[in-house]
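Student: Quick one, what's the 3D model for this:
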Amino acid sequence: MQSYSGLLALLSTIILASCSAHSEKKQESAPTLPVIQLTQQDATLDHDYASNLEAVQNVEVRARVAGYLDKILVDEGKPVHKGQLLFQLNPTEYQVEVDRAQSSLESAMAQAESAEVEMGRVKLLVTKNVISPSELKLAKSKLETARAGINGARSALNKARFHVSLTSIRAPFDGVINRLPFKRGSLIEEGALLTTLSDLREMYAYFNVSEKEYLSFIKKRLDPEKTTVREVDLLLADDSPYPYKGKIETTETVFEGNSGTIAFRATFPNPKRLLRHGATGKIRLETDVDDAILVPQRAVFEVQDKNFVYVVDASNKVRSRSFIPSSRVDQFYIVQSGLKPGDRIVYEGIQSLKDGMRIVPKALPAKRLQALYASAR
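Tutor: Numbering: from 1, shown residues only. This next block holds a predicted model:
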């Protein structure tokens, strides 16, 4: 019996020693992770919006009369000037109309001249009481009819000449020629699209913002102390920055029902014609936030559409805590509720953490912390 009691004591000692060693090993294996302390600060955050680019003028150049395409005097992608001849349709059949109308006008003028002579003769005979006054009325009516014929013939001649002029298609403004769908000799119907012409000296960039962002912008614009035009940056399709800044000039008047957004229009100079009609890009707006609590996106994980961070307590144990962001801009969340200044959160390495784990907190180096928040300014 004494031997059995001694054995139990030995086993208890071994178990306690093993647990103690395991505890010490676990304590020694606590991971060292970077930690940041949340503070309130003023920040300028970048927000990107998808945008569509349009030329300030982009019009379809169409044939206003039918005919064979005799000449194409421009090429795709080439600049043209206002009034420059672009296309020439065969004017022969319209010139025939001009000649016919010219003959009709000359005939009408001859008839009017004859009617005028006849009226003078009738008037003399009426004066001598050779014929009745009713003959004079008839002669005046014939003269008025002849004169009306002149006006009609002259109108037809002007119309025929106008049709001839429409066979020469000219540029309505300075711009760049786009695609040419027809070749020389093609039979062109009235209204056929010959090309489109784009004025690329300036470009419009359209982008949609939420109602909340719209109200923020409008309130600042109405502030008498902030009367300057809002400048914006443009990122091209390859995410490279466009070298010229744009200015927000106007907004649409109606919110889109499905998305709840409204379109803004910014204008960008385009001196090198780099931007083209129909291209895409991203408008980058700077948003000023006062006394904001910024949480790096890297420190956040999501569970069932909720946002969490690991908060480090006084004993260096971590606990997950949910928070509600007011917005997400670039690489940061702006905290609405759930976190406060002074909270310490794990910045990196959150994938392997669990509630109650002890860590060895390592404050993020000052230079790195400054660089982190500088990216939000």
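Student: so what are the domain limits for this structure?
Tutor: Per the record, the chain has its domains at 29-43+290-374, 47-56+201-288, 66-195, by automatic domain parsing.
Student: which ones are touching Ala263?
Tutor: Tyr206, Phe207, Asn208, Thr251, Glu252 (C-beta atoms under 8 Å, 6 or more residues apart in numbering). Placement of C-beta: from N, CA and C, glycine included.
Student: Can you pull the phi/psi pair for it?
Tutor: phi -90, psi 130 (degrees, to the nearest 10).
Student: picking up where we left off before, between the contacts of Ala263, which is nearest Val96?
Tutor: Nearest to Val96 among the contacts of Ala263 is Tyr206, at 48.6 Å by C-beta to C-beta.
Student: So in that sheet, which strands flank the longest strand along the chain, and in what orientation?
Tutor: Criterion DSSP state E: the longest strand present in the chain is strand 40-62. Paired with strand 40-62 in the same sheet, following DSSP bridges, are strand 193-210 (antiparallel), strand 280-296 (antiparallel).
Student: ok so, going back, can you convert the domains of the chain into JSON lines and add a column each for mean pLDDT?
Tutor: As requested, the domains of the chain are exported to JSON lines (pLDDT from 0 to 100):
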{"stretch": "domain 29-43+290-374", "mean pLDDT": "88"}
{"stretch": "domain 47-56+201-288", "mean pLDDT": "87"}
{"stretch": "domain 66-195", "mean pLDDT": "93"}
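Student: For stretch 159-172, measure first residue to last.
Tutor: 21 Å (C-alpha to C-alpha, to the nearest Å).
Student: what about the closest residue to Thr287 other than its chain neighbours, distance to Arg121?
Tutor: Leaving aside its sequence neighbours, Thr287 sits nearest to Leu45 (C-beta to C-beta, 6 or more residues apart in numbering; 4.9 Å). Going from Leu45 to Arg121 by C-beta to C-beta, to the nearest Å gives 96 Å.
Student: ranges for the strands of the stretch 151-300 of the chain?
Tutor: Ranges of strands in the stretch 151-300 of the chain, per DSSP state E, counting those that start in this stretch, are 168-170, 175-177, 187-188, 193-210, 231-235, 246-251, 261-269, 280-296.
Student: Buried residues, the fourth one. List them.
Tutor: So that's strand 193-210. 194-200, 203-209 (16 or more other C-beta atoms under 10 Å).
Student: between those residues, which is closest to Thr261?
Tutor: Nearest member of those to Thr261, counting by C-beta to C-beta, is Asn208, at 3.9 Å.
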